[in-house]
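**Q** structure here, sequence nowhere to be found:
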């Protein structure tokens, strides 16, 4: 067996934490590489919500050390003919079912000009000896991640592929003085995190208005403490995208919001033109 | 003090994660053995639900490396005269109150012909200096586990006993062409995991019917993706037992199920005989 | 870069565990010190509840090994002019926003006669290169904690200060034969943990009565198993304070209790005097 060595492995699943299944994945990993440092990203991804897991991973992966292995198991097709994949990127490895759950990370890596290599996991020598039909997180993804952490070459895990499944892109329209995007994630505080990049928002100039759920929010706030409790604010979130919060309260509850909800941003000048035109 | 050395220690409790008590147990362990790798199995065991904790541990323990120490603290009798125990098995150690919470693991070990040694924890030299009446997880079980991870001999922890408390067996009747078992656990997805072994189900032949909550499910599914959303399926779960799911939904909600609910499986041939007889 | 070395770092936040933000903090820490052992105290602190986080940390910190670094991020003022601080105590380090979240630990350290040193975090060399307005847990507190774990001198992090913000003291009145305190925390089991020290309760003598929510509880129980299910008991909790439980049930639900609720304890002799006087 390869020599144990330090490596960070992250886990993102929709397993919850009540059944012990996440612990079992850690047991499998530590059995192969006792020096792995295993970090939970989230196990509260809504059941079978591939886009949500893809979002959580995209926000997080850039903050992990070189060589980190990210394992994502949101896997409604487990046991079917869906492929399992591993990805080698310049900075990290990814291990997941081939169902689009890596979409946003792979897009970002490709947008940044990084070369990646994707293989279909077919070499059973890197799996547990017995593979159940319903828990590949334990039987395939965890041992594959552990072997990668021990220095296994990704090419040994299976054949390279070039047709990994991707999710359809979220709506994002960049018009002159006008951006249309959507709520990409609702966080623990009920803040609405959108897919609208800060750079686009800032290009509208100092004076802009955000519209969501038939409410208007003027300008951008730098902190949560500038306004009154429950007031709606727009701000740039920690991943560099537009977000909407209700100060010390839940914007989701206030606006009855949901992922996918339309969010519009307009330059105030553009708005007045729009009003003159109507 | 004994030299720090790598070892996996798992924790299973009904403490939840909001109060910091699980963190405190980890602090005690790491203070004694800084090289311990501590893995959470579950802290969401329903309060005082000994059988549920016993079930979670039984499903998980086989996937941990040799020498792993499993600590279980679901302990309604804490501070009373109930004993605390440690168990040495060929593959692992177990540390828990003597209230039956190790029942299913010990049964499986004994069914597999393994010899085990059980001691009553009485040697206070392995405990924290001050022991509260209400938090033996912190004051007794964590330091005992840490000392085991450092190489302490189990015989030093207390007297060997042969009358550890066990839970009553769950209902499981194996009749010709007919099995009666029960729901043993309901998982995060609302799947109903039963105590009926796959080997028994498969012995009924290719054509069988599962009955639960006055519903009938024909045959076994290999994956969740073969059927329509919300359809009920029977399948073999990742621990090798019969389970019932509602595709992309919660069987528990659909059937208003609970742990202990009766589940029947019949060979379809046997069924028709049964019908002729009635 | 300083050499990686083992150190325990604890995290207490109101971030929840669904968004990956706690995982991101761990990624930042492990990127700087791969040998850090990171322990979650709680991420379920109610949003912006500074007093609750202060309470969780105070109960826990004494059980961690020498040199442990405790990071607390409950931070409604993030991005505003509020300071960020680090504290060096004889036994441990603390890293947090300067909003009172360390109050109870610092009080206890000072009551015990320990000298502490507090610095305002201003040296950006110990932060991530880019600092968002809304996630100092990632950009400031995690890297500062990691640098402390690597041996950075606290004096290098910023200027020493002597005016760290503290929370107002909780109500605690010690009268002859009569104590008035309050519910300081409600735990996972619905037990009411008060701010009344065991030493004060025991000074009232063997016969005392606890009053909460217009209910009277006679005497102290040593365990939960001495009484009938749902019966109310008073006991000394694992941190050495008076607590109220409903056996195998939730005192919070039974009494509709809340943090801050008044709790009175009287010596029974004092009570009868009181009754004669009325």
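**A** Yes, it's here. The shown structure was predicted, so the numbers you read here are calculated from the model rather than taken from an experiment. Numbering: from 1, shown residues only, chains lettered A, B, ... in the order given.

**Q** could you pull out the strands for the stretch 151-278 of chain A?
**A** Assigned by DSSP state E, counting those that start in this stretch, the strands in the stretch 151-278 of chain A fall at A:173-175, A:178-186, A:192-197, A:208-212, A:215-218, A:232-236, A:241-246, A:262-267.

**Q** I'd like to know which elements the third one is packed against.
**A** The one in question is strand A:192-197. strand A:178-186, strand A:241-246, helix A:251-255, strand A:262-267 (3 or more CB pairs under 8 Å, 6 or more residues apart in numbering or on different chains; DSSP states H and E). Glycine gets a C-beta too; all of them are placed from N, C-alpha and C.

**Q** for residue B:159, which of those is the nearest?
**A** strand A:178-186 (55.6 Å; CB to CB).

**Q** one step back: out of the helices and strands packed on strand A:192-197, which one sits most buried?
**A** Compared across the helices and strands packed on strand A:192-197, strand A:241-246 shows the largest average neighbour count, a mean of 25 (mean count of other CB atoms under 10 Å in any protein chain shown).

**Q** which helices and strands does that one pack with?
**A** Using 3+ CB pairs under 8 Å, 6+ apart: strand A:241-246 touches strand A:192-197, helix A:198-202, strand A:208-212, strand A:232-236, helix A:251-255, strand A:262-267.

**Q** mind redoing it with 7 Å?
**A** strand A:192-197, helix A:198-202, strand A:208-212, strand A:232-236, helix A:251-255 (3 or more CB pairs under 7 Å, 6 or more residues apart in numbering or on different chains; DSSP states H and E).

**Q** got a markdown table for the ones you listed, with distance to residue B:71 too?
**A** Output for the helices and strands packed on strand A:241-246, formatted as a markdown table (distance: least, CB to CB, whole Å):
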| stretch | distance to residue B:71 |
| --- | --- |
| strand A:192-197 | 38 |
| helix A:198-202 | 46 |
| strand A:208-212 | 48 |
| strand A:232-236 | 43 |
| helix A:251-255 | 38 |
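
**Q** returning to that earlier point: how about the strands of the stretch 151-278 of chain A, which one is nearest residue C:136?
**A** Once these are compared by CB to CB, strand A:232-236 is nearest, at 14.2 Å.

**Q** what angle sits between that closest one and strand A:262-267?
**A** Strand A:232-236 and strand A:262-267 meet at an angle of 80 degrees, taking axes from the mean of the first three to the mean of the last three CA atoms, to 10 degrees as the criterion.

**Q** what lines up beside strand A:232-236 in the sheet?
**A** strand A:241-246 (antiparallel) (DSSP bridges).

**Q** could you pull up the mean pLDDT of the partner strand?
**A** What strand A:241-246 shows for mean pLDDT is 96.

**Q** contact residues of the stretch 101-250 of chain A facing chain B?
**A** Residues of the stretch 101-250 of chain A found near chain B (CB under 7 Å from any CB of the partner chain) are A:132-135, A:138.

**Q** residue contacts, residue A:234?
**A** A:210, A:217, A:220-221, A:242, A:244 (CB atoms under 7 Å, 6 or more residues apart in numbering or on different chains).

**Q** one more time with 8 Å
**A** By CB atoms under 8 Å, 6 or more residues apart in numbering or on different chains, the contact list for residue A:234 reads A:210, A:217, A:219-221, A:242-244, A:265.

**Q** just to revisit the earlier point, indicate which one of the helices and strands packed on strand A:192-197 is closest to residue A:205.
**A** strand A:262-267 (5.5 Å).

**Q** what about the residues of the stretch 101-250 of chain A next to chain B, which are in helices?
**A** Among these, DSSP state H puts none in helices.

**Q** which residues of chain A fall in helices?
**A** Along chain A, the stretches classed as helices by DSSP H are A:21-32, A:50-60, A:103-111, A:136, A:142-149, A:198-202, A:251-255, A:268-277.

**Q** most neighbours per residue, which of those?
**A** By mean count of other CB under 10 Å, those have helix A:142-149 as the most buried, with a mean of 27.

**Q** so where is chain A shaky, pLDDT-wise?
**A** A:1, A:226, A:270-278 (pLDDT under 70).

**Q** the domain parsing of it - what is it?
**A** In terms of domains, chain A is parsed into A:7-156, A:173-277 (source: automatic domain parsing).

**Q** so which of the ones you listed is nearest residue B:199?
**A** domain A:7-156 (13.9 Å).

**Q** of the helices and strands packed on strand A:241-246, which is nearest residue C:203?
**A** Residue C:203 lies closest to helix A:251-255 among the helices and strands packed on strand A:241-246, at 47.0 Å (CB to CB).

**Q** tell me how far that closest one is from the chain's mean position?
**A** 22 Å (CA atoms, centre = their mean, to the nearest Å).

**Q** contacts for that helix?
**A** Against helix A:251-255 from outside (CB under 8 Å, 6+ apart): A:186, A:190-192, A:212-213, A:215, A:230, A:232, A:244-246, A:257.

**Q** kindly reformat those residues as a markdown table containing distance to residue A:86.
**A** Output for the contacts of helix A:251-255, formatted as a markdown table (distance: CB to CB, whole Å):
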| residue | distance to residue A:86 |
| --- | --- |
| A:186 | 30 |
| A:190 | 35 |
| A:191 | 33 |
| A:192 | 33 |
| A:212 | 38 |
| A:213 | 41 |
| A:215 | 44 |
| A:230 | 46 |
| A:232 | 43 |
| A:244 | 37 |
| A:245 | 37 |
| A:246 | 41 |
| A:257 | 36 |
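
**Q** chain C: which of the residues of the stretch 101-250 of chain A next to chain B is nearest?
**A** Distances from chain C to those, taken as CB to the nearest CB, are shortest for residue A:138 (20.1 Å).

**Q** residue B:48: which of the strands of the stretch 151-278 of chain A is closest?
**A** With CB to CB, the closest approach to residue B:48 among these belongs to strand A:178-186: 34.1 Å.

**Q** adjacent strands (with direction) for that closest one?
**A** strand A:173-175 (antiparallel), strand A:192-197 (antiparallel), strand A:262-267 (antiparallel).

**Q** now the second one: how far from the chain's centre is it?
**A** Spelled out, it's strand A:192-197. Chain-centre distance of strand A:192-197: 13 Å, with CA atoms, centre = their mean.

**Q** ok, and what's touching it?
**A** Contact partners of strand A:192-197, identified using CB under 8 Å, 6+ apart, comprise A:170-172, A:179, A:181-187, A:212, A:237, A:239-245, A:251-252, A:255, A:257, A:261, A:263, A:265.
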